[in-house]
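predicted model, plus sequence, below.
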Amino acid sequence: NAGVTQTPKFQVLKTGQSMTLQCAQDMNHEYMSWYRQDPGMGLRLIHYSVGAGITDQGEVPNGYNVSRSTTEDFPLRLLSAAPSQTSVYFCASSFQVTGFQKLFFGSGTQLSVL
Amino acid sequence: LAKTTQPISMDSYEGQEVNITCSHNNIATNDYITWYQQFPSQGPRFIIQGYKTKVTNEVASLFIPADRKSSTLSLPRVSLSDTAVYYCLVEAGMNTGFQKLVFGTGTRLLVSP
């Protein structure tokens, strides 16, 4: 059972480039989300989805785009990378949408924007 | 959701018991306390959740006093592999709508030989 799979693990971009961080889960979870983690900042919610076709913004959505065409996949797109987007990105999923969310996290993508 | 406050860091030695206290003064009647653990270079993982009194599992114990304004995560006889960041969260219980979980900066636990 793979759980939550994120690719790539590492990525270096130049300012202005675009790319997509992939996230897939095989647990049939309705809820999926993206967090970024910066030193001293904890985890901050970027975007989330409560089911296929439904997405919404979190705390820090600017510069990122998401879509949820299937239950399994929730890609995060950087439209025009900026150095401020250098961070570690985590994807998480949960079976529950309401009430308790026992989140399952992927192993992260370390992104550097030069 | 209630704001949580926990120490930024703690140090311990192998074999000692570690207690990490989290303050959540504005916790609501329907709220539960949840703890996550994050090892270096990994995503957080759920370790324990409770409402009141004491909850114990294979990883940790969670103590919640009657007023529920704080909670204590207890790790018995820590080892080097318990070095991690521990996050305390407050979540609304069942029969509530969707909520965005807020992870603060957590408590960085360093276990030394």
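Thanks, I have the structure now. Numbering: from 1, shown residues only, chains lettered A, B, ... in the order given.

in the sheet, who's paired with the closest residue to chain B within chain A?
Ranked by CB to the nearest CB, the top residue of chain A for proximity to chain B is residue A:105, at 2.7 Å. Bear in mind the C-beta positions are built from the backbone N, C-alpha and C, glycine included. Note on residue A:105: beta-bridge partners by DSSP bridges are residue A:92.

go ahead and confirm it touches residue A:91.
Yes. In terms of CB atoms under 8 Å, residue A:105 counts as a neighbour of residue A:91; the distance is 7.2 Å.

who has more neighbours out of the two?
residue A:91 (27 against 22; other CB atoms under 10 Å in any protein chain shown).

just give me the residue right at the centre of chain B.
For chain B, the residue nearest the mean C-alpha position is residue B:35 (3.4 Å; CA atoms, centre = their mean).

quick check: phi and psi at that one.
Per-residue torsions, residue B:35: phi -120, psi 140 (degrees, to the nearest 10).

give me the neighbour count for the residue in chain B that chain A sits nearest to.
Using CB to the nearest CB, residue B:43 is the residue of chain B that sits closest to chain A, at 2.7 Å. A count of neighbours around residue B:43, defined by other CB under 10 Å, yields 24.

list the contacts of it.
A:4, A:90, A:92, A:105, A:106, A:107, A:108 (CB atoms under 8 Å, 6 or more residues apart in numbering or on different chains).

mind checking the SS state of it?
Under DSSP: H, G, I helix; E, B strand; the rest coil, residue B:43 falls in the coil class.

write out the residues of chain A neighbouring chain B.
Neighbours of chain B within chain A, by CB under 8 Å from any CB of the partner chain: A:4, A:35, A:40-45, A:48, A:50, A:58-59, A:90, A:92, A:97-108.

please pick the buried ones from these.
A:4, A:35, A:42-45, A:48, A:50, A:58, A:90, A:92, A:97-101, A:103-106, A:108 (16 or more other CB atoms under 10 Å in any protein chain shown).

which ones among those are found in strands?
With DSSP state E as the criterion, strands contain A:4, A:35, A:42, A:43, A:44, A:45, A:48, A:50, A:90, A:92, A:104, A:105 from among these.

mind putting the residues you listed into JSON lines with pLDDT?
Below are those laid out as JSON lines (pLDDT from 0 to 100):
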{"residue": "A:4", "pLDDT": "96"}
{"residue": "A:35", "pLDDT": "95"}
{"residue": "A:42", "pLDDT": "84"}
{"residue": "A:43", "pLDDT": "90"}
{"residue": "A:44", "pLDDT": "91"}
{"residue": "A:45", "pLDDT": "91"}
{"residue": "A:48", "pLDDT": "92"}
{"residue": "A:50", "pLDDT": "88"}
{"residue": "A:90", "pLDDT": "97"}
{"residue": "A:92", "pLDDT": "94"}
{"residue": "A:104", "pLDDT": "94"}
{"residue": "A:105", "pLDDT": "95"}
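
and the furthest pair within these?
Using CB to CB, the pair of those lying farthest apart is A:42 and A:50, separated by 22.6 Å.

mind listing the shared neighbours of residue A:105 and residue A:91?
Counting by CB under 8 Å, 6+ apart, the residues touching both residue A:105 and residue A:91 are residue A:4.
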